[in-house]
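Chemist: need a 3D model of the sequence below.
(chains A, B and C)
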Amino acid sequence: MVLQAQSRSRGIGGRVILHVDMDQFYAAVEERERPEFKEKPVVVGADPKDGRGRGVVSTCNYNARKYGVKSGMPITRAWKLCPDAIFLRPNYKLYIETSNRIMIILRQYPDKFEQWGLDEAFLDITSKVRNFEEAEKLAITIKREIHNKEKLTCSIGVGPNKLVAKIASDFKKPDGITVVRQNEAKEFLAPLSVRKLLWVGKKTERRLNEMGIKTVGDLANFDTQILKEKFGMMGSYYILAAQGIDNSEVVEKTAVKSVSRERTFEEDTSDIDMILETLNRLCREIHEELIEMKMLFKTVTIKIRYENFETHTHGKTLSFFTDDLQNLQKTSKELLEPYLVRQKNVRLIGVRTSNFASSSKQKTLL
DNA sequence: TCTGGGGTCCTAGGACCC
DNA sequence: TCTGGGGTCCTAGGACCC
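Modeler: A predicted model of the protein is given here:
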C-alpha cells in the first residue's frame, strides 16, 4: 500500500497536494434531499430497532454529534444517546451518483488524482500552482464549485504530501481550509495524537501509548531502531510521518482485486438451512457483479463469525479461472461446512472471490 | 459500547521447484 | 545420511481505510 510507492523522492521545489473531504457526506446528502432534516439530529446507519438493532452508525450530522453520537458507534448506543434522532438506512445509490458527479468536478484540477472512498480525494496540483497561496485560492475555487453544483460543503487540506494534506483537511471541519507548508509540517503535527496519522488505528495507538508515545511529537523523538524492530516496515513509515515526511504518490486506483459479500444475521443462529441459503444468496450477488465486470476468479474464501466474535477465514484456490455460479456455491459450501458445528451459534457469514483474470482472456489462461 | 460491510495490504509459515 | 538458498504461490489472520 503506502510503502510501495514510498521510495521515490521528489526533486527541489516539492509537491503541493490537496486532500478534499466531504463534510458528513451521507448525512449531508440526506439533508440536501430533505431540508427539514437539517434542524434535527440525523443518523445514517443500521436500523436501531428500538434498541435491539445490530450494526453501527455510518455517518451522522452535527446535531446528532451534540448528543455524543459518532460514526462507527453501535447503533444501539446511538439510539440510547439520542432516541429522537432521525435514523436512516444508507441510500448508497444516491451517494454513489452524487460522489461520481463530485469526482468529475475534482478531476478537472490536478495533474494526478486519487479517489479515496466515496467522499474523499487527493489532488496533486504541483504543476498547476506556483506556491501555497495559489493553492489556497484553488481550494476556494473547488469548494465554491462543489457548493454551487451540489449544495454540499467540504473541507480541504493543503500540504506538501498526502499525509499532511489529509490531517490538515480534518483540522477545520466543516467547510474549512487548512494550509500547512513543508517547513511547518513537523510543528503542525507534533501536538496531535498519534491516532491522527495514517495507518495508526486503534491497536497501533494502544501499542504506542504503552511505549509512552501519545503525540506525534513523542513519536518524532523516539528511538527509531526500537520502532523499526517493533513495527517492521510500518515502523519506518511512522518515523518519517512523525517528521511530516511522506513520499507516497497520488495514484489513480487500479482494478479491484477482490469482490465479497457478508451478512450479519439479525440473531445468532444455528439454523443450517438458513445459513446455507444465505451463503447461496451471497454467491449469487457476487456472481452478478463478476459477470458485469467481466471477471473470472480463481480463489474463493469464506468467512464465519461465531456469537463470541471468534472469526475464521478459509480459502481455496482452484486450478482454473471461472465465473460459474454453481462452482462458486459448491466451493463455498465445502469450505464453510467444517465450521458449522452444533455448539456454536453463527453471527456472520461471508464469501470473497479474488485472484482475478479478465474473462476476455479466458481461453488463454489456466 | 457489544461490536456493519466492502475493500487493501502486510506478515508469517509452509509447499514446492530449481 | 539429516541438510542451502532463492523464488513463487498459497493460506490464515490481522490491521487499517471509508
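
Chemist: need phi/psi at A:E285.
Modeler: The phi/psi pair for A:E285 (degrees, to the nearest 10) reads phi -60, psi -40.

Chemist: return the residues in contact with it.
Modeler: By CB atoms under 8 Å, 6 or more residues apart in numbering, the contact list for A:E285 reads A:R261. Bear in mind the C-beta positions are built from the backbone N, C-alpha and C, glycine included.

Chemist: contacts for the helix or strand that contains A:L138?
Modeler: For A:L138, the element it lies in under DSSP states H and E is helix A:132-150. The list of residues contacting helix A:132-150 from outside it, by CB under 8 Å, 6+ apart, reads A:16, A:18, A:20, A:32, A:98, A:101-102, A:105-106, A:109, A:125, A:128-129, A:152-154, A:156, A:158, A:175, A:177, A:179, A:181.

Chemist: what do you get for stretch A:113-120?
Modeler: The contact list for stretch A:113-120 (CB under 8 Å, 6+ apart) reads A:19-22, A:25, A:95-96, A:99, A:102-103, A:106-107, A:121-124, A:250-253.

Chemist: what about that stretch, near DNA strand C?
Modeler: Yes. Contact of stretch A:113-120 with DNA strand C (CB under 7 Å from any atom of the strand) involves A:116-120.

Chemist: re the thing from before, just the contacts of stretch A:113-120: which are in helices?
Modeler: Judged by DSSP state H, helices contain the following of the contacts of stretch A:113-120: A:25, A:95-96, A:99, A:102-103, A:106-107.

Chemist: can you add neighbour count and give those residues back as JSON lines?
Modeler: Listed next are those as JSON lines, based on neighbours: other CB atoms under 10 Å:
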{"residue": "A:F25", "neighbour count": "22"}
{"residue": "A:Y95", "neighbour count": "21"}
{"residue": "A:I96", "neighbour count": "11"}
{"residue": "A:S99", "neighbour count": "21"}
{"residue": "A:I102", "neighbour count": "23"}
{"residue": "A:M103", "neighbour count": "15"}
{"residue": "A:L106", "neighbour count": "20"}
{"residue": "A:R107", "neighbour count": "13"}
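
Chemist: same list, these, but as a markdown table with distance to DNA strand B and pLDDT please.
Modeler: Formatted as a markdown table, these follow (distance: CB to the nearest atom of the strand, whole Å; pLDDT from 0 to 100):
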| residue | distance to DNA strand B | pLDDT |
| --- | --- | --- |
| A:F25 | 12 | 98 |
| A:Y95 | 11 | 97 |
| A:I96 | 12 | 97 |
| A:S99 | 13 | 98 |
| A:I102 | 18 | 98 |
| A:M103 | 17 | 98 |
| A:L106 | 20 | 98 |
| A:R107 | 20 | 97 |
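
Chemist: for A:T224, give its distance to A:Y237.
Modeler: Using CB to CB, to the nearest Å, one obtains 12 Å as the distance from A:T224 to A:Y237.

Chemist: was I right about A:Y237 contacting A:L219?
Modeler: No. A:Y237 lies out of contact with A:L219 (CB atoms under 8 Å); the separation is 11.2 Å.

Chemist: same drill for those two, tell me which one is more crowded.
Modeler: Of the pair A:Y237 and A:L219, A:Y237 is the one with more neighbours under other CB atoms under 10 Å, namely 25 against 22.

Chemist: please identify the buried residues of the strand or helix carrying the more buried one?
Modeler: Using DSSP H and E, A:Y237 sits in helix A:224-242. Residues of helix A:224-242 classed as buried: A:227, A:231, A:234, A:237-242 (neighbour count, 16 or more other CB atoms under 10 Å).
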